[in-house]
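> Need coordinates for the following:
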Amino acid sequence: MEHEVFVPFPVGTVRLALAEPDRIARCVPGLQQDAEETAGPLAGRLRLRIGGSTITYRGALRIVERAGAFEVEGEGTEARGSGSVKLALTLVPKAVTGGTELVCSGTVRSEGRLAEFDEQAALTVARRMLDRFAAALAAGLEASPIVALTEGEAPLPTEAEAEDVDVDDIGDLDDVDAVEAVEDLEAVDETGGFGDLGDLDDEPPAEAAHARRTMIGRSTEEVDHAPPRGRYAPVPAPETISTSVALRWAAPAAAVVLASAVVVGRRVLRRRR
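The predicted structure follows:
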């Protein structure tokens with residue numbers, strides 16, 4: 001089978017579009033992608049209408065770019081039946097006036113329900129699918145355009161390539177820092193440099209002089225741990241009288257008073273006798 005379709009975009013843009021599996025999956029007519037992420041964007045169910053009948057296949061497609069062409073391989077089995085199909089298709093983008101021409105050539109091998117139809121019916125279905133694919137590709141590029149790289153422009157690194165970048169490869173940034181430092185020094189020199197520092201007063205402020213006088217003759221440890229003075233000095237805690245000390249002096253006094261009362265009582269009794 002050979003067929004040609006037209007895409008109204010530059011050949012570089014079409015090549016970039018064909019290299020995106022997610023975009024290709026949205027352009028394949030009748031393809032319903034699998035919900036599982038591990039299955040890949042080009043895996044799922046494909047509904048094929050031929051001769052008034054509908055055949056549903058379950059399988060996957062693979063696209064590989066080789067020598068300027070895109071090779072498409074696919075295989076699937078009937079969702080309801082034992083039939084199978086295998087596809088081998090080659091897409092060659094060529095620049096033409098007003099856009100890109102895709103030259104398509106390939107073969108289809110089938111068993112089961114598709115094999116029951118004649119070759120002409122199968123070719124008609126294949127060409128119709130390629131026409132719808134080209135129209136969907138053009139509509140997708142209009143909705144989400146791709147900017148093709150110009151000659152001499154390097155492509156953006158992929159995520160895997162960005163992770164492999166060595167830190168030593170960006171050592172030249174030190175030279176940039178040096179240049180910025182030189183520029184900063186020149187800016188300081190233009191504003192007068194450090195010459196204006198000589199105009200400062202040689203005598204320290206009154207607070208600094210007082211602090212220096214109070215610290216003369218004291219060790220560093222004393223100065224570091226000395227409590228603040230003046231209005232910022234800590235308020236001493238009120239002195240508390242210990243209860244044990246009061247009891248210690250009250251007991252002997254009570255004993256003396258009691259002994260004196262006993263002696264006075266005995267003398268009063270003697271006089272009465």
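> can you tell me the average pLDDT over the host helix or strand of residue 261?
Residue 261 is located in helix 243-272, with elements delineated by DSSP states H and E. Average pLDDT, helix 243-272: 69.
> likewise stretch 136-156?
Per-residue pLDDT values over stretch 136-156 give a mean of 73.
> Quick check: which element contains the residue nearest to residue 27 when sequence neighbours are not counted?
Nearest non-adjacent residue to residue 27, counting by C-beta to C-beta, 6 or more residues apart in numbering: residue 136, 3.9 Å away. Yep, even glycine has a C-beta here, placed from its N, CA and C like the rest. Using DSSP H and E, residue 136 falls within helix 119-143.
> now swap in residue 88 and tell me
Residue 88 is part of strand 84-96, with elements assigned from DSSP H and E.
> Direction included, what does the helix or strand encompassing residue 100 pair up with?
Residue 100 is located in strand 99-111, with elements delineated by DSSP H and E. Using DSSP bridges, the strands paired with strand 99-111 are strand 2-7 (antiparallel), strand 84-96 (antiparallel).
> Now do the strand holding residue 88, average pLDDT.
Strand 84-96 comes out with an average pLDDT of 94.
> quick one: low-confidence ranges for the stretch 51-200 of the chain?
Applying pLDDT under 70 to the stretch 51-200 of the chain picks out residues 147-200.
> Run a quick neighbour tally on the nearest residue to residue 123 once chain neighbours are set aside.
Leaving aside its chain neighbours, residue 123 sits nearest to residue 1 (5.9 Å; criterion: C-beta to C-beta, 6+ apart). Residues near residue 1, counting by other C-beta atoms under 10 Å, number 14.
> and if you look at residue 100?
Residue 100: 24 neighbours (other C-beta under 10 Å).
> contacting residues for it?
Residue 100 makes contacts with 6-7, 9-11, 13-14, 93-94, as judged by C-beta atoms under 8 Å, 6 or more residues apart in numbering.
> For these, which entry has the maximal number of neighbours?
Busiest of the contacts of residue 100 [other C-beta under 10 Å] is residue 14, holding 27 neighbours.
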